[in-house]
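**Student:** just to be clear, the model below is a prediction. Sequence and coordinates:
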Amino acid sequence: MPDSPLDDARSRDPRDLRRVGLTEYRIDDLAREAGVSVRNVRVYQDRGLLPPPRKVGRTGWYDESHLARLQMISRMLDRGYTFVTISELLTAAQYGLRVEDVLGTEDPDGAANVDHPARLTRDEIDTMFDGRISDDDLTRAEALDVFSRDGDGYRIENPALVRAAKVLFDAGLALPDILSRTERVHQDLTSVSQQFVRLVVDRFVPGGADPFTLDPSELSAMADLITTLRPLASRAVQALFSETMDAEIVHAMEKALSGDAATAFSGDAATADTDDSDGNGASTSSSSRTGDR
């Protein structure tokens, strides 16, 4: 039986496949066309973002739909979307759902209902965290401007952080650990903000001079530059965070898959744990609440 055009195409260089109108790629060629690494292609498959290839023997064959999906994933990552959000949005597109259907769906546990500022009683906060949020936890959350006192209840000042804490808590992390990491990140971001502001201040007030000695026009120019820089700096930091977060996720997954789970996360995690414990009296080890249930 003669080979089909598709069988014949598989033996050709992928760049020549367009001549027969049947473009298929091996994983190396797909990665090169999409401008990503082979390991990222595999990571996207493992996370369900990229459909599996068509298998012929031991070789996987990808087509133009895989290339388009990879390019879309790259654009979304560049814009700061997380893997979870990308997965939800791609699923929504696959089943004809609207973005609102994904992002606005209510859930019985209330995790999706904290996206807007709201007032909660102490009992409602206890219910959200299964009765495992102590007064000390609440005090620390207030210091981070996550909650604020509102009469005999609390107002959610940072809904995104509450949602993130709820997701981590439901995944098995203890609230003291979550708060310790949040405090560490808050300190780091404060330092980043100071550096951006210092860039502008040093331009107008070199050598630590008194800014109030500036000419009113110079003071106004400094304020305008800071106002202009603020959203740009925010987007720059978000893009850098997305890039480094992506790299750390891939690194951690590779370590875990190689059996080196103990060092799956690079950086100064051990030092951070020690610093956080010394700074606020709470252990920041990745303790699980599994034994509490």
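**Tutor:** Thanks, I have it. Residues are numbered from 1 along each chain as shown.

**Student:** drop to CA atoms for contacts and neighbour counts, all remaining ones
**Tutor:** Will do.

**Student:** and the helices in this protein?
**Tutor:** Here the chain has its helices, by DSSP state H, at 5-10, 27-34, 38-46, 64-78, 83-94, 99-103, 122-128, 135-143, 159-170, 175-204, 216-257, 269-280.

**Student:** what mean pLDDT does the fifth one get?
**Tutor:** Across helix 83-94, pLDDT averages out at 72.

**Student:** now do the longest one
**Tutor:** Computed over helix 216-257, the mean pLDDT rounds to 81.

**Student:** over to the fourth one?
**Tutor:** Predicted confidence along helix 64-78 averages 87 (mean pLDDT).

**Student:** what stretches of this structure score poorly on pLDDT?
**Tutor:** 1-22, 91-117, 208-212, 259-293 (pLDDT under 70).

**Student:** separation between the residue lying closest to Phe196 once chain neighbours are set aside and Met245?
**Tutor:** Distances taken as C-alpha to C-alpha, 6 or more residues apart in numbering place Ala233 nearest to Phe196, at 7.4 Å, with adjacent residues excluded. From Ala233 across to Met245, the span is 18 Å (C-alpha to C-alpha, to the nearest Å).

**Student:** please apply the same query to Gln194.
**Tutor:** Distance from Gln194 to Met245, by C-alpha to C-alpha: 22 Å.

**Student:** quick one, which of these two is more surrounded?
**Tutor:** Using other C-alpha atoms under 10 Å as the criterion, Gln194 and Met245 rank with Met245 on top: 14 against 11.

**Student:** which ones are touching that one?
**Tutor:** Neighbouring residues of Met245 by C-alpha atoms under 8 Å, 6 or more residues apart in numbering: there are none.

**Student:** run through the residues that contact Phe204.
**Tutor:** Phe204 touches 218, 222, counting by C-alpha under 8 Å, 6+ apart.

**Student:** please apply the same query to the one 10 residues further on.
**Tutor:** If a contact means C-alpha under 8 Å, 6+ apart, then Leu214 has Val205 as its contacts.

**Student:** can you tell me how far it is from Ile125?
**Tutor:** Leu214 is 49 Å from Ile125, by C-alpha to C-alpha.

**Student:** swap in Glu142?
**Tutor:** 13 Å.

**Student:** and what of Leu89?
**Tutor:** 29 Å.

**Student:** number of nearby residues for Leu257?
**Tutor:** Quick note: Leu257 (other C-alpha under 10 Å) scores 11 neighbours.

**Student:** ok, now Ile178?
**Tutor:** 19.

**Student:** was I right to think it contacts Val167?
**Tutor:** No: Ile178 lies out of contact with Val167 (C-alpha atoms under 8 Å); the separation is 10.6 Å.

**Student:** rewinding a little: count of residues packed around the residue nearest to Phe196?
**Tutor:** Other residues lying near Ala233 total 16 when counted by other C-alpha under 10 Å.

**Student:** and for Ala165?
**Tutor:** 20.

**Student:** list the contacts for it?
**Tutor:** 175, 178.

**Student:** roughly how far does it sit from Glu88?
**Tutor:** Distance from Ala165 to Glu88, by C-alpha to C-alpha: 19 Å.

**Student:** now do Phe129
**Tutor:** In terms of C-alpha to C-alpha, Phe129 sits 24 Å off from Glu88.

**Student:** cool, and Arg47?
**Tutor:** 12 Å.

**Student:** quick one: which of the two has more around it?
**Tutor:** Neighbours were tallied for Arg47 and for Glu88 using other C-alpha under 10 Å; the higher tally belongs to Glu88 (17 against 12).

**Student:** what about Ser65, how many residues nearby?
**Tutor:** 12.

**Student:** if you could redo that for Trp61, that was the one I meant.
**Tutor:** By other C-alpha under 10 Å, neighbour count at Trp61 equals 18.

**Student:** that one reaches Ile27, doesn't it?
**Tutor:** Yes: contact criterion C-alpha under 8 Å: Trp61 and Ile27 qualify, at 7.3 Å.

**Student:** now do the contacts for the nearest residue to Tyr25 once chain neighbours are set aside.
**Tutor:** Excluding its sequence neighbours, the residue lying closest to Tyr25 (C-alpha to C-alpha, 6+ apart) is Tyr62, at 5.0 Å. The contact partners of Tyr62, by C-alpha under 8 Å, 6+ apart, come to 24-27, 30, 53-54.

**Student:** how about a markdown table for those, with neighbour count and distance to Leu70 added?
**Tutor:** Output for the contacts of Tyr62, formatted as a markdown table (neighbours: other C-alpha atoms under 10 Å; distance: C-alpha to C-alpha, whole Å):
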| residue | neighbour count | distance to Leu70 |
| --- | --- | --- |
| Glu24 | 28 | 14 |
| Tyr25 | 24 | 13 |
| Arg26 | 16 | 14 |
| Ile27 | 19 | 12 |
| Leu30 | 23 | 9 |
| Pro53 | 17 | 13 |
| Arg54 | 12 | 16 |
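
**Student:** alright, that wraps it up for me.
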